[in-house]
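**Q** Just to be clear, the model below is a prediction. Sequence and coordinates:
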2 protein chains.
Amino acid sequence: MSEKKEFLGYKGEVLETIKKAEAEIGDIIRVTKNEEVYEGILIPRSEYGDEKHVVIKLRSGYNIGIRITPNTKIEKIGKGAKPAFAPTSSPEQNPKLPKVAIISTGGTIASRVDYRTGAVRPALTASDLYSVVPELANIARIDAQILLSLFSENIIPKHWTEIAKAVAKQIAEGVDGVLIAHGTDTMGYTAAALSFALQNLPVPVILVGSQRSADRPSSDAATNLIGAVTAAAKAPFAEVALAMHETPSDTSITLHKGTKVRKCHTSRRDTFKSVNAQLIAKVENHKVTMLIEDYRKRDPSRKLVLKPEFDEKVALIKSYPGMNPAVIDWCVENAYRGIVLEGTGLGHVGRYCFEAIRSAVKHDIVVAMTSQCIWGRVNMNVYDQGRDLLALGVIPLEDMLSETAVVKLMWIFGQTRDMEEAKKLLKTNIVGEFSPRTLPEKSGE
Amino acid sequence: MSEKKEFLGYKGEVLETIKKAEAEIGDIIRVTKNEEVYEGILIPRSEYGDEKHVVIKLRSGYNIGIRITPNTKIEKIGKGAKPAFAPTSSPEQNPKLPKVAIISTGGTIASRVDYRTGAVRPALTASDLYSVVPELANIARIDAQILLSLFSENIIPKHWTEIAKAVAKQIAEGVDGVLIAHGTDTMGYTAAALSFALQNLPVPVILVGSQRSADRPSSDAATNLIGAVTAAAKAPFAEVALAMHETPSDTSITLHKGTKVRKCHTSRRDTFKSVNAQLIAKVENHKVTMLIEDYRKRDPSRKLVLKPEFDEKVALIKSYPGMNPAVIDWCVENAYRGIVLEGTGLGHVGRYCFEAIRSAVKHDIVVAMTSQCIWGRVNMNVYDQGRDLLALGVIPLEDMLSETAVVKLMWIFGQTRDMEEAKKLLKTNIVGEFSPRTLPEKSGE
């Protein structure tokens, strides 16, 4: 190991203190500072780190940074251990079981923390999975591949294209279901993107993530993975769905429609909620129970229609009091093709934005309206100001999520540059992104 | 009545058809088009209306626009009626009751639709209120004033200043509580703004709205008003709170902390939710029940501290996959002082935004992070990418709502231009905008 690697990211004063203690990355150290004592594994710093803090992984699994002062002492109290999980060989695969392809894109579920280096590493070879979650061998024959290794906040539309193509390839090879391991941060956006990109599906495509990595006692990774593999292998529907905990406890996994799901809590296991839509299904004790009657049935003979292109020239703008409408002009100047306004209430923005909106529409930009309320339905016929926005050419997106709306517009401009065609597609319910009105005569209620 | 008024907003072909029927605004008309027949009151069109639709108010209270074609027939079937509510004289005021000032800013609660003209008019003189909700005379002596008549999506920070000053004036005159009638769309933002602007309150300041206007059978206006007046008159706390329905039914009104409340449904009566915080109190059967123990007690001798200034040079940017980081550069170029990034999950944005963020911080812009999850707490110490953002100088806003965050930054720059002072204020829990961590050792859970 070169010195560069041993002290990954440390520099200046902190590096000197670590060197003096003869510690290196992966060693267990004790940091004493005034009355406080911290013990843990010395982990690498990021490239953006300063010269003042040492970072250790505590026994709890959490990392903390401790500021080094002249009276801080560092002692090495143990040598680095080997990684907790070593790859094992796969168990015998039962040829009678359905075949599930797992495509990993990164994120917490696809990773395990190497305690020795603190580095997060993808761990999704089939054998790794079987070693962490041996039950999987009784549910499906798994073929796992690592497509991307990204925190999901770094996933952009071109990755949606890559993922869609990888799924199509697996389906062409005849798998019974596809599972996509994904970071939870933007998993809702990717679920919507794949819903539009993978039409006329023959088998289920399930996205799954976890809120805590597999090597932490409170991890939800194994339960989510078992639920998601069960759905991919056996569920009777053929749609893009997202599988996560139903409640904070480990008893059931729910399946959400890809266009109607949103991350609603920073850290809870049951963070994903179906918004303005019913759950598709539930997995309990390795059994899939359908919760809706109207769904596309699994049918391996059906021919997938792959439409994987997206165009990034679409903006999502959340409105707020005093918002500068010049940000809409900025979209015009930068040749955007579409704008999703996340307005207030039933779909409103301040009258001070009207001129900018009028100009955007005049410049052939599709301007659509969703609501920052999240729940409910945009209805721009209730108040004058909503009707004025309609008259300006703003397209109301009913009960569509803002996140789904921006993805759909990006997808639309990946299919066409014709404005009338784009508007028509935007208003068409392609993959359940609009829920039907239950009480059409009471839309404002 | 001049011809201009009789045909408010109508032009071209539609105007000709209306004139031929000898109908005018406020008359009851029948529109026959092929097989369809519509009857309702002819109401004015907005300035943005086209030349093709006639708009009538149906008996249900809803307005519809009907496109006029060559075979559409309009008949006048009745003369316009008088407004439904006529102002009556106020009842005798009981001098033993507490005194409540009602300040109207507009919105559905402050309005009634004049069926004759379709115009929404403010209706908040004390006598109007007593005529609509006679119970109020048994709860408090009311002094009502119309400060603004705005749909709340048109309210901007300078209006927050006006409202705060009007409240301070009432408090100086010795009222026992102040009630602000407000549109629901941005009532959460205004509640946060007043929380910062009106510090060290001696009496309660209650914001109230309604989801349906008082002249509709399903209106929540009266119940909300009774609950809010009760709280303003009798509640033991002296804070800025927002009063709305607890559930879709009329049984109880809940009081939310002004900095922790958000509109979460486009149309339900129980649209407002306390996020990451407990409800302050509940009003049932004219009785206020406190739901928290730690609150500022009502004390008329306490001296209000008025800090009503706001600075609009603050942006709220909701991140999404493929967002163009140049929008952050645009804020720099336009001399913004602060940016609230509504990131994903625990407080992340794509690495492709890092250079723009670094540049914004270098240009002395305060960059803060909230989460579009809404529920939960930003924690940028869990993943490397969060730590990198911290190293860039991004300030994590814990469990603060994005809406409260943008308001708070606008308020901060209304108080100071000193960057260090601004950052210090942003991190200080001034009026409960941060909730304490319940389990400090499990912040990532």
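**A** Thanks, I have it. Remember, predicted model here, so these are calculated numbers, not experimental data.

**Q** neighbours of the nearest residue to A:Glu51 once chain neighbours are set aside, just the number please.
**A** Take A:Glu51 and drop its neighbours on the chain: the residue closest to it by C-beta to C-beta, 6 or more residues apart in numbering or on different chains is A:Gly12, 3.3 Å away. (Each C-beta comes from the backbone N, C-alpha and C, glycine too.) Residue neighbour count, defined by other C-beta atoms under 10 Å in any protein chain shown, stands at 11 for A:Gly12.

**Q** Equivalent analysis for A:Glu16, please.
**A** Neighbours around A:Glu16, by other C-beta under 10 Å: 12.

**Q** Can you name the residues that contact it?
**A** For A:Glu16, no contacting residues are found, by C-beta atoms under 8 Å, 6 or more residues apart in numbering or on different chains.

**Q** returning to that earlier point: surely the residue nearest to A:Glu51 touches A:Arg45?
**A** No: using C-beta atoms under 8 Å, A:Gly12 is not in contact with A:Arg45; the gap is 11.3 Å.

**Q** For A:Pro396, list each beta-bridge partner.
**A** Residues in a beta bridge with A:Pro396, per DSSP bridges, are A:Met369.

**Q** any idea how far it is from chain B?
**A** When distance is defined by C-beta to the nearest C-beta, to the nearest Å, A:Pro396 is 11 Å away from chain B.

**Q** got the contact list for that residue?
**A** A:Gly347, A:Ala368, A:Met369, A:Val378, A:Asn379, A:Met380, A:Gly386, A:Leu390.

**Q** who wins for most neighbours among those residues?
**A** Busiest of these [other C-beta under 10 Å] is A:Gly347, holding 33 neighbours.

**Q** mind listing what that residue touches?
**A** Contacts of A:Gly347 by C-beta under 8 Å, 6+ apart are A:Met369, A:Thr370, A:Ser371, A:Val378, A:Asn379, A:Met380, A:Gly386, A:Leu389, A:Pro396, B:Thr266.

**Q** same deal with A:Tyr10?
**A** A:Ile18, A:Pro44, A:Arg45, A:Gly49, A:Val54.

**Q** how far away is the closest residue to chain B within the stretch 301-445 of chain A from A:Tyr130?
**A** Per C-beta to the nearest C-beta, A:Gly376 is where the stretch 301-445 of chain A lies closest to chain B, at 3.0 Å. With distances taken as C-beta to C-beta, to the nearest Å, A:Gly376 is found 45 Å from A:Tyr130.

**Q** Name the residues of the stretch 151-300 of chain A found near chain B, please.
**A** A:151-157, A:160, A:183-186, A:189-190, A:212, A:218, A:263-268, A:271 (C-beta under 8 Å from any C-beta of the partner chain).

**Q** and these, which are buried?
**A** The neighbour-count criterion (16 or more other C-beta atoms under 10 Å in any protein chain shown) marks A:151-157, A:160, A:183-186, A:189-190, A:212, A:263-268, A:271 among these as buried.

**Q** Inside helices: which ones of the residues you listed?
**A** Counting by DSSP state H, those place A:Pro157, A:Trp160, A:Tyr189, A:Thr190 in helices.

**Q** where in chain A is pLDDT low?
**A** Scanning chain A for pLDDT under 70 picks out A:1-6, A:8, A:46-49, A:60-63, A:80-91, A:112-124, A:214-217, A:438-445.

**Q** partner strands of the helix or strand encompassing A:Gly40, parallel or antiparallel?
**A** Following DSSP states H and E, one finds A:Gly40 within strand A:36-42. If you go by DSSP bridges, strand A:36-42 pairs up with strand A:28-33 (antiparallel), strand A:53-57 (antiparallel).

**Q** mind giving me a markdown table with the ones you listed and columns for distance to B:Leu97 and mean neighbour count?
**A** Formatted as a markdown table, these follow (distance: least, C-beta to C-beta, whole Å; neighbours: other C-beta atoms under 10 Å in any protein chain shown):
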| stretch | distance to B:Leu97 | mean neighbour count |
| --- | --- | --- |
| strand A:28-33 | 61 | 18 |
| strand A:53-57 | 61 | 21 |
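
**Q** any chance of those in a markdown table, with distance to B:Val100 too?
**A** Conversion of those to a markdown table gives the following (distance: least, C-beta to C-beta, whole Å):
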| stretch | distance to B:Val100 |
| --- | --- |
| strand A:28-33 | 56 |
| strand A:53-57 | 54 |
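
**Q** ok, now how distant is the residue minimising distance to the centre of chain A from A:Asn224?
**A** Taking C-alpha atoms, centre = their mean, the centroid of chain A lies closest to A:Met187, which sits 1.8 Å from it. Per C-beta to C-beta, A:Met187 is found 11 Å from A:Asn224.

**Q** just A:Leu242 next, same as before
**A** On the measure of C-beta to C-beta, A:Leu242 and A:Asn224 end up 10 Å apart.

**Q** Let me know whether A:Val178 touches A:Ala101 as I believe.
**A** Yes: in this structure, A:Val178 is within contact of A:Ala101 by C-beta under 8 Å, at 5.0 Å.

**Q** overlap in contacts of those two?
**A** With C-beta under 8 Å, 6+ apart, A:Val178 and A:Ala101 have common neighbours A:Gln170.

**Q** How about the backbone phi and psi for A:Ile339?
**A** phi -130, psi 130 (degrees, to the nearest 10).

**Q** How is chain A partitioned into domains?
**A** Listed domain ranges for chain A are A:3-78, A:99-306, A:314-442 (source: automatic domain parsing).

**Q** First-to-last residue distance for the longest one?
**A** By that I understand domain A:99-306. 21 Å (C-alpha to C-alpha, to the nearest Å).

**Q** likewise stretch A:9-29?
**A** In stretch A:9-29, first residue to last residue: 17 Å (C-alpha to C-alpha).

**Q** Count the residues that sit near A:Pro44.
**A** Counted with other C-beta under 10 Å, residues neighbouring A:Pro44 total 19.

**Q** next one: A:Leu179
**A** By the measure other C-beta under 10 Å, the count of residues near A:Leu179 is 28.

**Q** Let's verify it: helix, strand, or coil?
**A** Using DSSP: H, G, I helix; E, B strand; the rest coil, the three-state assignment for A:Leu179 comes out as strand.

**Q** which residues does it contact?
**A** Residues in contact with A:Leu179 (C-beta under 8 Å, 6+ apart) are A:Val100, A:Ala101, A:Ile102, A:Ile103, A:Val205, A:Ile206, A:Leu207, A:Val208, A:Ala228, A:Val229, A:Ala232.

**Q** just those residues now: which is nearest chain B?
**A** Once C-beta to the nearest C-beta is applied, the member of the contacts of A:Leu179 that ends up nearest chain B is A:Leu207, at 14.0 Å.

**Q** wait, isn't that closest one in contact with A:Ala243?
**A** Yes: proximity of A:Leu207 to A:Ala243 meets the contact threshold set by C-beta under 8 Å, at 7.1 Å.

**Q** quick revisit: next up, the contacts around the residue of the stretch 301-445 of chain A closest to chain B.
**A** Contacts here follow C-beta under 8 Å, 6+ apart; on that basis A:Gly376 touches A:Asn276, A:Leu346, A:Asp399, B:His265, B:Thr266, B:Ser267, B:Arg268, B:Thr271.

**Q** ok, and the closest non-adjacent residue to it?
**A** B:Thr266 (3.0 Å).

**Q** again with A:Asn94
**A** Sequence neighbours aside, A:Arg141 is the residue nearest to A:Asn94 in space, at 6.9 Å (criterion: C-beta to C-beta, 6+ apart).

**Q** which residues touch the one you found?
**A** A:Arg141 neighbours (C-beta under 8 Å, 6+ apart): A:Gln93, A:Asn94, A:Pro95, A:Leu97, A:Pro98, A:Lys99, A:Val100.
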